[in-house]
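In: what shape does this take:
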Amino acid sequence: MQQRYGAEFMPSDRPMMNPQRRQFLKAGLAVAGCFALGRDFWKRAYAAPAMVGPGPYGPLLAADANGLMLPAGFSSRRLATAYQPVAKADGSLTSFLWHRASDGGGVIPQADGGWIYVNNSEIPIVADECAGDPQSPFCGEQGGCSAIRFDKEGRVLDAYPILQGTNNNCAGGVTPWGTWLSCEENFGGFVYECDPTGLNQPLCLLAMGQFAHEAAAVDPIGKAIYLTEDAGDGAFFRFRPTVWPDDGRPQLSVGVLEVAVVGDNPPLRTPYGGDTGLSDPIETAAGAVTWMPVPNPLGLPIACHDQVPTAAVFQGGEGCWYDDGLVFFTCKGTNRVWAYDTVAATMEIVYDAASIGPDAPLTGVDNLVVHADSHDLFVAEDGGNMEIVLVTHETREVAPFLRYPVPHSELCGTAFSPDGTRLYFASQAKRHAVDEATGKTIFGEIFEVSGPFRGTAAPGPAPVPVSSPTPAGRFGGAMGFGLGALTAAALIRKVLDSGQQSVDAGSLTQCSDDPDQNS
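Out: Below you'll find the predicted structure:
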């Protein structure tokens, strides 16, 4: 497998593995029917207005050696930089060069107790630099996704590509069965299911629709995958696979794509092609949700969100995360964080910057992740003052958790390690901009922040009491995997020991103009 960056081709240096390991894990999780904190607790917590506060971790300190401003007790390390090899724990370097324009990311636990951090590359099929200079060395770059492999101690073992040659891969989502859904953000975008080990070819999921995909979040209880759309008049979708065994992996190539309709009297859309569409889209209000099927998921000639005239408008959908029956997602057009209650079928606003005013600590909302133990939301900023901002689950207190004040970039790719003690994120630096203060080119980077996150084994500030054992079933988009490391490893090991058949690699392919190849 080869990856191109600039004018160079760099083959992966990863050794071949036993064919038995060449598989996607096919077993799903038997998820508990009750939630650790309970739906009533969540609904009470998010009924109160969000408020600005110091947060549970206290103020940010001066920038560390990596330029990050963190609370006391936390430390950082830089894992990867665009166009450079990744340093391994043994002192060697990968021959693989890390991609540029890093975006959404997630963490997938592995059977040996280690984990894999995956991260998308948001490069369009024709790189921006080609518009002004067709001979630019950057014209050969395309989107995709790469991975960093860690052992159980968090040491870097390897880095390699898992998806190549795609178009503007923005965010995505981790699945309970151990794969990564990588989303293309463009009008003809698709979702790709990727093997985080890179040993199987990605699968293009046509049934999930063709539109400006942003992120995905898997609900293993309701058996649905929720999808955000990054468009000014975008919508909120869900995909329900036709086949989803209670104790296994769903078939994602066949199912029903649906779009959310919110409220009793929603405004009507004007389909593109008939008129000019929604010339001044206004985001929907909170309310009850019904779901309507999208007649033509390929979105031609009418866009998916316009095929249902009453489809709710969500301006610039971004990150998406499932946690205990709630699906959280952000909208950059309105600087809001939303929560969809999958049981009550209602849509609520968790955070609204406009309601706080000009001093709102969170703007430019983008990727988000929910910490599996504390249930706190961590929202990355695309703009603002380049912070990852915390929203506490008990009081809805909003406060910065970290800041990386590098210009011409955005923060994204948030994901937690399986034990919840390490936060991964990216600084994108997409367009080879120059820092005016230093005169140096700004390159994208991947960071790890370690410390006493609330609810983890490490001592932390104000641990949150839980009334019942933490359940399985917290899986999110663009951001990570919510099982503890020991639980996840035990589940995966059980799957490997069960003798289940591996996925036929020949059945996995990229989207193609040939319909026979996409079936």
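In: how close does Asn200 sit to Tyr192?
Out: Separation of Asn200 from Tyr192 (Cβ to Cβ, to the nearest Å): 12 Å. All C-beta spots, glycine's among them, are computed from the backbone N, C-alpha and C.
In: should've said Phe237
Out: To Tyr192, Phe237 is 16 Å away according to Cβ to Cβ.
In: just checking, next helix/strand downstream of the one helix or strand Met347 maps to?
Out: Per DSSP states H and E, Met347 falls inside strand 346-352. Remark: after strand 346-352, the chain's next helix or strand is helix 353-356, criterion DSSP H and E.
In: buried ones in that following helix?
Out: Across helix 353-356, burial judged by 16 or more other Cβ atoms under 10 Å covers Ala353, Ile356.
In: note down every partner strand of the next helix-or-strand element following it and its orientation.
Out: Toward the C-terminus, helix 353-356 is succeeded by strand 365-370 as the next helix or strand (DSSP H and E). Strand pairing for strand 365-370, using DSSP bridges, gives strand 377-381 (antiparallel).
In: what about the strand it pairs with, average pLDDT?
Out: What strand 377-381 shows for mean pLDDT is 97.
In: the chain: helices as residue ranges?
Out: Assigned by DSSP state H, the helices in the chain fall at 39-45, 129-132, 353-356, 485-497.
In: pLDDT below threshold where in the protein?
Out: 1-48, 127, 129, 270-280, 457-519 (pLDDT under 70).
In: try it again with 90
Out: Along the chain, segments meeting pLDDT under 90 span 1-50, 124-142, 247-248, 264-282, 383-384, 393-395, 406-409, 429-442, 456-519.
In: between Asn200 and Tyr192, who's got more neighbours?
Out: More neighbours surround Tyr192 than the other of Asn200 and Tyr192, with 29 against 22 (other Cβ atoms under 10 Å).
In: any idea what that one is bridged to?
Out: Counting by DSSP bridges, Tyr192 forms beta bridges with Ser182, Cys204.
In: gap between it and Met347?
Out: 28 Å.
In: same thing with Glu387?
Out: Taken as Cβ to Cβ, the span from Glu387 to Met347 is 26 Å.
In: could you do Pro452 as well?
Out: Distance from Pro452 to Met347, by Cβ to Cβ: 34 Å.
In: for the two, indicate the residue with more neighbours.
Out: When neighbours are counted by other Cβ under 10 Å, Pro452 and Met347 differ, and Met347 comes out ahead with 23 against 18.
In: correct me if wrong: the more buried one contacts Tyr340.
Out: Yes. Here Met347 lies in contact with Tyr340, judged by Cβ atoms under 8 Å, at a distance of 5.4 Å.
In: who touches both of these two?
Out: Ala260, Val289 (Cβ atoms under 8 Å, 6 or more residues apart in numbering).
In: buried residues, stretch 49-61. List them.
Out: Within stretch 49-61, judged by 16+ other Cβ under 10 Å, the buried ones are Ala50, Gly55, Pro56, Tyr57, Leu60.
In: closest to Cys331 out of these?
Out: Ala50 (14.8 Å; Cβ to Cβ).
In: which ones are touching that closest one?
Out: Val350, Tyr351, Asp352, Ser355, Ile356, Val391, Arg396, Glu397, Val398.
In: and the nearest residue to the second one once chain neighbours are set aside, how many neighbours?
Out: In other words, Tyr351. Among residues not flanking Tyr351 along the chain, Val337 sits closest, at 4.0 Å (Cβ to Cβ, 6 or more residues apart in numbering). If you count neighbours by other Cβ under 10 Å, Val337 ends up with 27.
In: quick one: residues contacting Val337.
Out: Val337 makes contacts with Phe328, Phe329, Thr330, Ile349, Val350, Tyr351, Val365, Leu368, Leu377, Val379, Val391, as judged by Cβ under 8 Å, 6+ apart.
In: re the thing from before, ok, and what's touching the strand holding Met347?
Out: 46, 50, 260, 262, 284, 286-289, 312, 328, 334-341, 362, 365, 377, 379, 391, 396, 398.
In: so which of these belong to strands?
Out: The strands, defined by DSSP state E, take in 260, 262, 287-289, 328, 336-341, 365, 377, 379, 391, 398 from these.
In: show me which of those are buried.
Out: Judged by 16+ other Cβ under 10 Å, buried ones among those: 260, 262, 289, 328, 336-341, 365, 377, 379, 391, 398.
In: starting at the chain centroid, how far to the strand holding Met347?
Out: Distance, stretch centre to chain centre, for strand 346-352: 19 Å (Cα atoms, centre = their mean, to the nearest Å).
In: adjacent strands (with direction) for it?
Out: Per DSSP bridges, strand 346-352 is paired in its sheet with strand 287-293 (antiparallel), strand 336-341 (antiparallel).
In: now it: buried residues?
Out: For strand 346-352, the buried set under the neighbour-count rule, 16+ other Cβ under 10 Å, comprises Met347, Glu348, Ile349, Val350, Tyr351, Asp352.
In: and the first one, how close does it get to Val369?
Out: I take that to be Met347. Counting by Cβ to Cβ, the gap from Met347 to Val369 is 20 Å.
In: ok, Phe329 next?
Out: Distance from Phe329 to Val369, by Cβ to Cβ: 12 Å.
In: Gly188: what's it in contact with?
Out: Contacts for Gly188 (Cβ under 8 Å, 6+ apart) come out as Asn167, Gln210, Gly299.
In: run a quick neighbour tally on the first one.
Out: Other residues near Asn167 number 19, with proximity taken as other Cβ under 10 Å.
In: repeat that for the second one.
Out: The local packing of Gln210 (other Cβ under 10 Å) involves 22 other residues.
In: is it in contact with Phe190, as I believe?
Out: Yes. Look at Gln210 against Phe190 with Cβ under 8 Å: they come within range, at 6.1 Å.
In: buried residues of stretch 98-117, list them for me.
Out: For stretch 98-117, a neighbour-count test (16+ other Cβ under 10 Å) marks 98-111, 113-117 as buried.
In: contacts only, for Gly255.
Out: Contacts of Gly255 by Cβ under 8 Å, 6+ apart are Ala207, Met208, Phe239, Arg240, Pro241, Thr242.
In: who wins on neighbours among those residues?
Out: Highest neighbour count within the contacts of Gly255: Met208, with 27 neighbours (other Cβ under 10 Å).
In: touching, that residue and Tyr192? I think so.
Out: No. The pair Met208 / Tyr192 is not scored as a contact, 9.7 Å apart, by Cβ under 8 Å.
In: span of stretch 59-68 from start to end?
Out: 13 Å (Cα to Cα, to the nearest Å).
In: cool, and stretch 384-398?
Out: 14 Å.
In: and stretch 399-412, by the same measure?
Out: 17 Å.
In: in contact with Ser121, which residues?
Out: By Cβ under 8 Å, 6+ apart, the neighbours of Ser121 are His99, Arg100, Ala101, Ser102, Asp103, Gly143, Gly144, Cys145, Ser146, Asn169.
In: what of Ile148?
Out: Counted by Cβ under 8 Å, 6+ apart, Ile148 has contacts Leu79, Ala80, Val86, Ile116, Tyr117, Asn119, Val156, Asp158, Ala159, Ile446.
In: repeat the analysis, applying 10 Å as the threshold.
Out: Going by Cβ atoms under 10 Å, 6 or more residues apart in numbering, Ile148 touches 79-80, 86, 88, 94, 98, 105, 107, 115-119, 156-160, 424, 446, 448.
In: which of the residues you listed fall within strands?
Out: Among these, the ones falling in strands (DSSP E) are 79-80, 86, 94, 105, 107, 115-119, 156-160, 424, 446, 448.
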